[in-house]
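# Structure for this input, please:
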Amino acid sequence: MKASEIRELSDDELAHQLAETQQEMFNLRMQKSFGQMENPAQLRIVRRDLARMKTVIREKETASS
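Below you'll find the predicted structure:
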């Protein structure tokens, strides 16, 4: 997900998407630990998406105050 797409989301949608991404990250970490991971690059992609979402949330917090 691109940063521009993330910025277009409302606060509720962003919070929901963040929770889903965190769950996906957890599942991928579990798959990696059990050796069942099909696509190791997916872990990196999800981690970066998570960071983008947290960055946008922080930008919105600092802009509102």
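# can you pull the pLDDT of the most centrally placed residue in the chain?
Centroid-nearest residue in the chain, with CA atoms, centre = their mean: residue 50, separated by 2.5 Å. As predicted, residue 50 sits at a pLDDT of 97.
# Distance check, it against residue 29.
12 Å (CB to CB, to the nearest Å). C-betas here are computed from N, CA, C, even on glycine.
# Equivalent analysis for residue 18, please.
Per CB to CB, residue 18 is found 17 Å from residue 29.
# Next: residue 55.
Look at residue 55 and residue 29: by CB to CB, they are 21 Å apart.
# so where does residue 29 fall, helix or strand?
Using DSSP states H and E, residue 29 maps to helix 11-34.
# Tell me the buried residues in that helix?
14, 17-18, 21, 24-25, 28, 31 (16 or more other CB atoms under 10 Å).
# Output these as TSV; include the columns distance to residue 3.
Output for the buried residues of helix 11-34, formatted as TSV (distance: CB to CB, whole Å):
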residue	distance to residue 3
14	12
17	13
18	14
21	14
24	18
25	18
28	21
31	27
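# Tell me the one among these nearest to residue 37.
Residue 37 lies nearest to residue 31 out of the buried residues of helix 11-34, by CB to CB, at 4.5 Å.
# what's the neighbour count on the nearest residue to the closest one once chain neighbours are set aside?
In space, and not counting its chain neighbours, residue 31 is closest to residue 37: 4.5 Å by CB to CB, 6 or more residues apart in numbering. Neighbours of residue 37 under the rule other CB atoms under 10 Å: 15.
# Could you number the chain from 37 rather than 1 from now on?
Will do, 37 is the new start, and the previous item becomes residue 73.
# any idea how far residue 73 lies from residue 37?
Residue 73 is 21 Å from residue 37, by CB to CB.
# do the same with residue 100
Residue 100 sits 22 Å away from residue 37, taking CB to CB as the criterion.
# Just want to know which of those two has more residues nearby.
More crowded of residue 100 and residue 37, by other CB under 10 Å: residue 37, with 14 against 7.
# Would you confirm that residue 37 contacts residue 88?
Yes - using CB atoms under 8 Å, residue 37 is in contact with residue 88, at 6.9 Å.
# which outside residues touch the least confident helix or strand in the chain by mean pLDDT?
Scoring the helices and strands of the chain by mean pLDDT, DSSP states H and E places helix 39-44 at the bottom, with a mean of 93. Contacting residues not belonging to helix 39-44 are listed as 50, 53, 88-89, 91-92 [CB atoms under 8 Å, 6 or more residues apart in numbering].
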